[in-house]
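>>> quick one, fold the following:
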Amino acid sequence: MVRKPVVAVISRILPAFLVVFAVACGGDTGDSKFGVSKEGSIQLSFSQQPAGSDGLMEVKKGEVSPGEMATYTITIANVGDGPLTVQKVYIEYTAPQVVTEEQGPSFSLGGGTINGGVVAIVSDEVPWMGGMKVSPADAYDWCESQEGMDTGNCTGDDIDVNVNYLRYDDDFERTATLVILSDTRNEEKQEIRIPFVTVAGAPVANVSPKLLDFGQVNKGDSPVKHVTISNTGSDVLLVYQILFQAAPDYTLIYDLQSYVPGSENIQFADPVAIAASEATIFSIQFAPQTADAAQGTLVFFTNDPSQPSGTKVDLTANEQGPCIKVNPKKVQFGGKLVGVKSVLPVEIISCGTAALNVTKIELVGDSDADFSLDTTSLIGFEDGAAPSKDSPLEIPINLQATLNVNYVPAQESPLGNDGAPIFDIGTILIESNAFEATLELEVTGLGVTKACPTAVGVIQEGQEVIPQTVLHLFGDQSFAPAGEIASWKWTVNQPTGSQSAFVPSDTFPNPTFEANTAGTYEFMLEVWDQAQVKSCTPWVQEVAVLPDEAIHVELLWATPNDPDETDEGPEAGSDVDLHFVHDQYAKSGPDLDGDGQNDPWFDQPFDCFWFNAHPNWGSFDPSIDDDPGLDRDDTDGAGPENMNLNIPENGATYRVGVHYWSDHEYGPSYSTVRIYIWGVLVFEVKDVKMVNHDMWNVATIDWPSAKVSLVQTVDGGYKVTPDYQNPFFFQP
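Now for the predicted structure:
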């Protein structure tokens, strides 16, 4: 059989697939040493599919990072039946007219090999010249079998040539042509031209998942979830910045760096680069400090042209879950006769959105032996057994179970060095599936030999309320061993600045008390019987007054020249006002502080103050609680004035101010401002002196980072503007 030589060129970027592209073929017209006409013939084979029948090679820029190089290998094979001489190989390249190539051309000729090892091309500047002979694919084996024959043409079956592409960091397209000259029998193909063109790739950002739901996370836990950004496009994906707006319990972690939520986007010194077909991971940690539901948003801004507004990931946690409350939080038996059994109930309340499972109720080991627990009142535990993990006490939503605590003092309680009796003490441990998985209740009692009245107090609203709650206190359940209770005495230790009083008086058996200031109140009740015998021990109970809004601002003030800051009535005290403004929009006031910008104070509707106590800043839907409210305006001294905002606006900045509206001739006042975020005190400035008509620019609050910043003058002082009188509001 007569074999006809064909020229072949193989192009590949490793690893790749092999595609054969026939360029030329011809007849056998030459004379061989053995009298048979044999000629070489070239064939082109591409490891990367050419884009056209003319062998156009598309180089995807997205597969190469700026500053890096890709190498395309061209293999020249002789598929004829005679020798083939490759005479010259070179690159034709012209740089784009709009740029100057300082580092050299984008396309260049690199090193090549013959027979898989001999370097044939050693310089980009010197094209490969001169008569490299390529035998047919089977020539070597054939020549080797002809003993004594001249096998000079049996030099192998192919030649590799490398074409290098260097990517520059710009958007300009570049082209080049690889030229191969040979003596293939087909004269039309003795010059083969293979065009190379760059093709702009496009990154594609695939962000997964779009929702991170942490579920129920208990106090002390800090789980981490991950967001994966993969690049399914053909160019490098760049993550330029991230908008991170979330509850303060969230943390974003990337490359060993931690980022907290904020109103400003997270900027990277260098964009996060993700090559085509690769991915990177961002981690989010949730460490809750309260049982409140926590939401958040991440928006990743990239160079993906199909997602110009970024890609959003929602965060959520503690949306559903059980909650536990106990009443009372402190079990106080007071003085009880030795050997006589007394019983007090403890209510275990399911206050969440899922059933509460109690898995342990016990007195801890160091509790006094005079105390014991009676679980027979618990449904399912009438036999006196205790709840366990295998047999939990399930309390449905909004229902409660009652645990009875017994106290039988074995002996009279001894006296301490101070002459006061030493209490028997115990601790009840309750474990459950609630956010606070472990609760401890203190139990106290005194063993006495002489009966005395027992003070029993009840606070109807419980032991945790929000500011401005009117507490209803009941002492009429107190009792005496003989006769009746003749008198009552209520006292309270209240937070600094609070001036509330018992109504109608502190000797009334069932008074009320308005808890206006956030903090802890300790109420005490003592009673006397008809023989004027005093209760052995006072009844004591704490009430935590905690804001339940996202932002709670509190203003209190003290006026030394006011002899009674608790009295009420027109001009019965100084009038200091709280202001809370939406800083982006409240700019309508005159520039009375002289900083070159319109002032936000007294703006309508974007200043929440006494004249505009409940503005509409958010949705017009009245069921959405996204507007601030001045819930208390005190015009006659001491305060507090309270402002609450339940759903702040993401990306917003709020400003807090204090204005001394009128001193009513009582002179200077000393103002204190406290800012609570989710019930936690994060900012407090005490006793700032203000005189009549002063305007104090206190602080700013960025949301959702909840960052509170004190406003200061250039010399570090408080920013107080004297004689601040808005022309639209007449001041006395």
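>>> T721: what's it in contact with?
T721 is in contact with 592-594, 694-697, counting by C-beta atoms under 8 Å, 6 or more residues apart in numbering. Placement of C-beta: from N, CA and C, glycine included.
>>> ok, now Y240?
By C-beta under 8 Å, 6+ apart, the neighbours of Y240 are 267-268, 271, 301-303.
>>> list the residues that contact the residue nearest to the spatial centre of the chain.
In the chain, the C-alpha nearest the mean C-alpha coordinate belongs to Y250, at 3.4 Å (C-alpha atoms, centre = their mean). Listed by C-beta under 8 Å, 6+ apart, the contact set of Y250 reads 244, 261, 284-286, 294, 296, 315.
>>> could you rerun that using 6 Å?
When contacts are counted by C-beta atoms under 6 Å, 6 or more residues apart in numbering, Y250 is found next to 261, 286, 296.
>>> type out the ChimeraX command that picks the buried ones from these.
Entered in ChimeraX, the line below selects the buried ones among these, by 16 or more other C-beta atoms under 10 Å:
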select :261,286,296
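>>> which of the contacts of Y250 fall in helices?
Counting by DSSP state H, no part of the contacts of Y250 is found in helices.
>>> list just the nearest of the contacts of Y250 to I425.
F286 (37.1 Å; C-beta to C-beta).
>>> mind listing what the closest one touches?
By C-beta under 6 Å, 6+ apart, F286 lies in contact with 214, 217, 249-250, 317.
>>> same thing but 7 Å
Counting by C-beta atoms under 7 Å, 6 or more residues apart in numbering, F286 makes contact with 214, 217, 222-223, 249-250, 294, 317.
>>> now those in JSON lines, with distance to Y72?
What follows is these, written out as JSON lines (distance: C-beta to C-beta, whole Å):
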{"residue": "F214", "distance to Y72": "49"}
{"residue": "V217", "distance to Y72": "53"}
{"residue": "S222", "distance to Y72": "50"}
{"residue": "P223", "distance to Y72": "48"}
{"residue": "D249", "distance to Y72": "53"}
{"residue": "Y250", "distance to Y72": "47"}
{"residue": "A294", "distance to Y72": "53"}
{"residue": "A317", "distance to Y72": "51"}
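>>> can I get the buried part of those residues as one ChimeraX selection?
Applying 16+ other C-beta under 10 Å to these, the buried members can be selected in ChimeraX as follows:
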select :214,217,249,250,294,317
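>>> would you map the strands across the stretch 251-400 of the chain?
257-259, 266-274, 279-286, 294-302, 311-317, 324-327, 330-337, 342-350, 356-363, 371-374, 393-395, 400-407 (DSSP state E, counting those that start in this stretch).
>>> can you tell which of those is closest to G667?
Ranking the strands of the stretch 251-400 of the chain by their distance to G667 (criterion: C-beta to C-beta) puts strand 330-337 first, at 43.0 Å.
>>> so which elements touch that closest one?
Based on contacts counted as 3 or more C-beta pairs under 7 Å, 6 or more residues apart in numbering; DSSP states H and E, the elements that strand 330-337 packs against are strand 342-350, strand 400-407, strand 438-448, strand 539-545.
>>> and with 10 Å instead?
Strand 330-337 is packed against strand 342-350, strand 400-407, strand 424-432, strand 438-448, strand 539-545, with contacts defined by 3 or more C-beta pairs under 10 Å, 6 or more residues apart in numbering; DSSP states H and E.
>>> buried ones in that strand?
For strand 330-337, burial by neighbour count (16+ other C-beta under 10 Å) applies to 331-337.
>>> quick one: strands adjacent to that strand?
Strand 330-337 has these partner strands in its sheet, going by DSSP bridges: strand 438-448 (parallel).
>>> alpha carbons of the strand it pairs with, in CSV - could you do that?
Extracted in CSV, the C-alpha atoms of strand 438-448 (Å, rounded to 0.1, in the frame of the first residue of the first chain):
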residue,chain,number,x,y,z
THR,A,438,-29.8,26.4,83.5
LEU,A,439,-31.6,28.4,86.1
GLU,A,440,-30.8,28.7,89.8
LEU,A,441,-33.3,29.9,92.5
GLU,A,442,-32.2,30.8,96.0
VAL,A,443,-34.2,29.5,98.9
THR,A,444,-33.9,31.0,102.4
GLY,A,445,-35.6,30.5,105.7
LEU,A,446,-35.1,31.0,109.5
GLY,A,447,-35.8,28.6,112.2
VAL,A,448,-37.5,30.4,115.2
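>>> isn't I284 up against F244?
Yes - I284 lies in contact with F244 (C-beta atoms under 10 Å); the separation is 9.1 Å.
>>> more neighbours: these two, which one.
Neighbour count, other C-beta atoms under 10 Å: between I284 and F244, F244 has more, with 26 against 23.
>>> just the element for that one, please.
strand 237-246 (DSSP states H and E).
>>> let me know the angle separating that strand from strand 311-317.
Strand 237-246 runs at 30 degrees relative to strand 311-317, counting by axes from the mean of the first three to the mean of the last three C-alpha atoms, to 10 degrees.
>>> and E188, how many neighbours?
Taking other C-beta under 10 Å as the neighbour definition, E188 ends up with a count of 10.
>>> looking at this, it is in a helix?
Yes - the secondary structure assignment for E188 places it in a helix, going by DSSP: H, G, I helix; E, B strand; the rest coil.
>>> kindly indicate which of the contacts of F286 lies nearest A550.
So of those, ranked by how close each gets to A550 (C-beta to C-beta), first place is A294, at 10.9 Å.
>>> list the contacts of that closest one.
With contacts defined as C-beta atoms under 10 Å, 6 or more residues apart in numbering, the neighbours of A294 are 214, 217, 246-250, 286, 288, 315-319, 678.
>>> which one of the residues you listed is nearest A706?
Closest to A706, out of all of the contacts of A294 and judged by C-beta to C-beta, is P248, at 4.9 Å.
>>> and the closest one, how many neighbours?
With neighbours defined by other C-beta under 10 Å, the count for P248 comes to 20.
>>> leaving out the residues flanking it, which one is nearest to it?
The shortest distance from P248 to any residue other than its chain neighbours is 4.9 Å, reached at A706 (C-beta to C-beta, 6 or more residues apart in numbering).
>>> wait, what's in contact with the one you found?
By C-beta under 10 Å, 6+ apart, A706 lies in contact with 246-248, 260-263, 550-551, 648, 675, 677-678, 680, 682.
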